[in-house]
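Chemist: Return a 3D structure for these sequence lines:
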Amino acid sequence: MGLALGLAAAVIGRRTRSGHGRIPVFGRNNPMIGTISSPLVVLGATGTLGERVVAQAVAERRPVIAVARDAGALEHLAARHAGLATLVADIATEADAAALAARLHAWPDGPPGAVVAAIRGAAQGGRVLAAPADFLRRRLDEDLIPHLVAARHLLPVLARQARASYVLIGGPGAEQPWAGYGHHSIGAAALRMLARVLHEEARTLPVRVQMLAVDTPARSAANAGHACMQWPDADAIASHALRLVAGAVAGHAALVRFPLGALSRPPGLSDDLDVGPPPCPSDTNHTDDARALLRRISVDVPAPQEFRP
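Modeler: The predicted structure is shown next:
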């Protein structure tokens with residue numbers, strides 16, 4: 001690894017041969033050396049949750065490769081975090097994911113040691129019965145398939161390390177139907193099952209696959225006017241995702257539920273998982289969705305593949 005670091009790019013912002021990446025400075029003065037040397041790949045790095053994962057990982061002096069399809073947003077992200085490497089890449093198809101895997105396989109600092117996947121498509125509301133089947137198909141193409149193709153092609157890259165971690169971040173609506181966002185609920189439920197299947201199938205690899213399941217929306221500056229105080233902010237979610245990466249959360253269950261009772265920081269930024277939020281429970285006006293959410297939080301029993309801190 002030391003040799004690889006010594007051979008890495010010597011100029012911040014040097015473009016890769018493809019013209020779509022940034023390789024940070026490595027060498028004696030790089031503060032990341034001597035800490036965690038295997039790069040962390042953040043998929044969906046320009047979403048608000050992805051940005052918080054990037055920010056916290058960089059603050060922990062870990063090499064980070066930020067991956068997103070928006071080149072301009074990646075440039076702004078890199079400008080805020082010295083030493084951040086970026087890759088402009090889409091992961092909508094098998095070919096996209098294979099191309100990304102090839103670039104990471106040939107990364108100058110050696111293969112990554114972890115992936116955090118904070119990706120999903122644009123949220124759109126509407127009743128399932130009112131929309132044609134193509135609407136659900138499009139939702140699955142944006143919310144589920146990118147996770148599948150990313151895992152298929154990136155898990156073999158991670159397996160080059162003796163111990164690696166792959167963490168998916170899942171949003172709300174997976175177990176209780178979300179009124180007005182039924183298509184999102186279907187995709188979220190499918191993503192949780194995908195995480196369980198990946199967890200089982202990856203047992204033959206030196207890679208731990210887990211999902212951080214967040215059962216409520218995140219609080220944000222944008223939704224501060226109607227967000228519930230018990231919703232976690234993105235910094236709390238990002239911190240927990242990085243603890244999973246580091247193996248600092250007890251147990252190795254496929255599904256790790258975000259601890260809703262031990263979260264609150266001041267409202268920060270939220271992420272792409274924020275779809276039209278359900279109303280907050282109140283003393284005078286409980287909606288069916290709010291009651292279902294409260295029942296879900298208070299009485300649900302973990303499945304064998306679940307862990308709750």
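Chemist: Could I get the buried residue list for the helix or strand hosting A102?
Modeler: Using DSSP states H and E, A102 sits within helix 94-105. Neighbour-count burial for helix 94-105, counted by 16 or more other C-beta atoms under 10 Å, picks out D96, A97, A99, L100, A101, R103, L104. Yep, even glycine has a C-beta here, placed from its N, CA and C like the rest.
Chemist: For this protein, which segments are assigned as strands?
Modeler: For the chain, applying DSSP state E gives strands covering 14-15, 21-23, 40-43, 64-68, 85-88, 114-117, 164-170, 207-213, 255-257, 306-307.
Chemist: Turn those strands into CSV, columns for mean pLDDT, mean neighbour count and distance to V128.
Modeler: CSV is the format used below for those (pLDDT from 0 to 100; neighbours: other C-beta atoms under 10 Å; distance: least, C-beta to C-beta, whole Å):
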stretch, mean pLDDT, mean neighbour count, distance to V128
strand 14-15, 37, 12, 45
strand 21-23, 48, 21, 40
strand 40-43, 98, 27, 28
strand 64-68, 98, 27, 30
strand 85-88, 97, 24, 34
strand 114-117, 98, 27, 26
strand 164-170, 96, 26, 20
strand 207-213, 96, 25, 22
strand 255-257, 93, 23, 24
strand 306-307, 50, 18, 26
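Chemist: Tell me where the model's unsure across the stretch 101-250 of the chain.
Modeler: Scanning the stretch 101-250 of the chain for pLDDT under 70 picks out 123, 220-222.
Chemist: circling back: pick the one among the buried residues of helix 94-105 closest to L144.
Modeler: Using C-beta to C-beta, A97 comes nearest to L144 of those, at 13.4 Å.
Chemist: List the contacts of the closest one.
Modeler: By C-beta atoms under 8 Å, 6 or more residues apart in numbering, the residues touching A97 are I91, P146, V149, A150, R152, H153, L154.
Chemist: Return the members of those residues classed as buried.
Modeler: By neighbour count, with 16+ other C-beta under 10 Å, the contacts of A97 hold I91, P146, V149, A150, H153, L154 as buried.
Chemist: any idea how far A82 is from R61?
Modeler: Going from A82 to R61 by C-beta to C-beta, to the nearest Å gives 11 Å.
Chemist: Over to E201?
Modeler: E201 sits 33 Å away from R61, going by C-beta to C-beta.
Chemist: surely N223 meets D233?
Modeler: No - look at N223 against D233 with C-beta atoms under 8 Å: they stay out of range, at 10.6 Å.
Chemist: Between those two, which has more neighbouring residues?
Modeler: Neighbour totals were compared for N223 and D233, and D233 leads with 24 against 17 (other C-beta atoms under 10 Å).
Chemist: Who does the more buried one form a beta bridge with?
Modeler: R219 (DSSP bridges).
Chemist: Please look at it and A218 and confirm they touch.
Modeler: Yes - counting by C-beta under 8 Å, D233 touches A218, with 6.1 Å between them.
Chemist: Give me the spatial nearest neighbour of L43, chain neighbours excluded.
Modeler: A117 (4.5 Å; C-beta to C-beta, 6 or more residues apart in numbering).
Chemist: what's the answer for A254, then?
Modeler: The shortest distance from A254 to any non-neighbouring residue, by C-beta to C-beta, 6+ apart, is to H199 (3.4 Å).
Chemist: and what of L148?
Modeler: Of all residues not flanking L148 in the chain, L194 sits nearest, at 6.2 Å (C-beta to C-beta, 6+ apart).
Chemist: ok, so what distance separates the one you found from A227?
Modeler: Remark: distance between L194 and A227 (C-beta to C-beta) = 28 Å.
Chemist: coming back round to it: what is the nearest of the buried ones among the contacts of A97 to A57?
Modeler: Nearest to A57 among the buried ones among the contacts of A97 is L154, at 16.8 Å by C-beta to C-beta.
Chemist: Okay, that closest one and H105: tell me how far apart.
Modeler: In this view, L154 and H105 are 10 Å apart by C-beta to C-beta.
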